[in-house]
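**Student:** Next one to model:
(one chain, ligands or ions: 1)
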Amino acid sequence: MTPHGPDAISAALALSLKSYGLGEGSGAVKVYIDSGRCQGHGRCYDLAPGLFGDDEEGYGQVLGDGIVPPGQEQAARLAVANCPERAIDLLEET
Ligand code: F3S
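**Tutor:** The predicted structure is shown next:
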């Protein structure tokens, strides 16, 4: 049986995180929103509500200092991949 559904998506994301060096055991990862690009599509805070919120006009905002807690890397990458404006960056702190 071919795996499908959320588990398969998680597995695929975990693989891609590893290939980007963002898997477990790497340094802190931080998310940024380029406010000049954000058009308020809201996918970031829908997909990763632990990392992003919205301002009073619906534009995305990084919550706190933007550091991605362990276990939320997949959500962060999902938000990056789903922002139609490519306004979200994911950077690894060195
Ligand atoms: Fe803005 Fe992209 Fe989020 S356009 S609200 S950063 S999904």
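**Student:** how about the residues of this protein near the ligand?
**Tutor:** 33, 38-44, 59-60, 83, 85, 87-88 (Cβ under 6 Å from any ligand atom). Every residue, glycine included, has its C-beta placed from N, CA and C.
**Student:** go with 5 Å
**Tutor:** Ile33, Cys38, Gln39, Gly40, His41, Gly42, Arg43, Cys44, Gly60, Cys83, Glu85, Ala87 (Cβ under 5 Å from any ligand atom).
**Student:** Confirm for me that the third one is in contact with Pro84.
**Tutor:** Read it as Gln39. Yes: between Gln39 and Pro84 a contact is recorded at 7.5 Å, counting by Cβ atoms under 8 Å.
**Student:** Compare neighbour counts for those two and give me the winner.
**Tutor:** Gln39 (12 against 9; other Cβ atoms under 10 Å).
**Student:** any idea how far that one is from Tyr59?
**Tutor:** 8 Å (Cβ to Cβ, to the nearest Å).
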